[in-house]
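>>> got a predicted structure here, sequence first:
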Amino acid sequence: DVKVTQSSRYLVKRTGEKVFLECVQDMDHENMFWYRQDPGLGLRLIYFSYDVKMKEKGDIPEGYSVSREKKERFSLILESASTNQTSMYLCASSPQTGAEQYFGPGTRLTVT
Amino acid sequence: QKEVEQDPGPLSVPEGAIVSLNCTYSNSAFQYFMWYRQYSRKGPELLMYTYSSGNKEDGRFTAQVDKSSKYISLFIRDSQPSDSATYLCAVINTGGFKTIFGAGTRLFVKA
């Protein structure tokens, strides 16, 4: 079974803090993704990566950056957390372009 | 206009009912169609995956794609309380990295 793990299930941070969300997949997938999920808005793509050290902006990259130093690990960074970044963050991986995605359990981030 | 539209529900049905979940999409370039199921406080998991038009059946679940009307459906037969979840439709175009998700329909199946 594909396993995608995320470093925290719940996180509470203060406005202005730097936040790191880590994601690890164990199936040697090429592609990895970060989404945020908000009620009524569904899943919105923040960034994705199709190879080590490669990254592409998604629909809502503002206020976020990413890092992929190893194939299995994809990190999302909030440089200076703001209250409007309170959300559920989901990491996913997929083996190839056009294929299904496998999701982690999510991190519910609250910024106060 | 959103690229994928999905009624958020909630949809409440009695156990044993046939459930119909639907999405519409706007771009005819989409070739791959998926349904994901998401239980509360969990990440989405792939339920059905189809390419182009037609039907695909897996147990109690049937996915249907009508490309002429840009309409995607998921049917659940003999629905169970364990089917209570949010169902997200998703589309992707050929050679594309980006999957477009619907907002999800919340389904409750009452025992």
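Great, that's in hand.

>>> hey, what's residue 21 bridged with?
Chain wasn't specified; assuming chain A. A:L21 forms beta bridges with A:L76, as assigned by DSSP bridges.

>>> switch to chain B, please.
For B:L21, the beta-bridge partners are B:L74 (DSSP bridges).

>>> name the residues of chain B found near chain A, please.
B:6, B:8, B:31-32, B:34, B:36, B:41-46, B:49, B:88, B:92, B:94-99, B:101-104 (Cβ under 8 Å from any Cβ of the partner chain). Where C-beta positions appear, they are placed from N, C-alpha and C, glycine not excepted.

>>> can you rerun that using 10 Å?
B:2, B:4, B:6, B:8, B:31-32, B:34, B:36, B:38, B:41-49, B:51, B:86, B:88-90, B:92-104 (Cβ under 10 Å from any Cβ of the partner chain).

>>> quick one: pLDDT of the closest residue to A:S65 other than its chain neighbours?
Here the nearest residue to A:S65 in space, its sequence neighbours aside, is A:I77; by Cβ to Cβ, 6 or more residues apart in numbering or on different chains that works out to 4.7 Å. A:I77 is assigned 98 on the pLDDT scale.

>>> which residues touch A:I77?
A:K18, A:V19, A:F20, A:L21, A:Y47, A:G63, A:Y64, A:S65, A:V66, A:S67 (Cβ atoms under 10 Å, 6 or more residues apart in numbering or on different chains).

>>> could you measure it against B:A85, distance?
Distance of A:I77 to B:A85, given as Cβ to Cβ, to the nearest Å: 31 Å.

>>> with A:S87 instead?
The gap separating A:S87 from B:A85 is 20 Å, by Cβ to Cβ.

>>> then B:Y32?
B:Y32 sits 22 Å away from B:A85, taking Cβ to Cβ as the criterion.

>>> low-confidence ranges in chain B?
Residue ranges of chain B with pLDDT under 70: B:94-96.

>>> all strands for chain A, in order.
Ranges of strands in chain A, per DSSP state E, are A:4-6, A:10-13, A:19-25, A:31-38, A:42-49, A:56-57, A:64-70, A:73-78, A:87-94, A:102-103, A:107-111.
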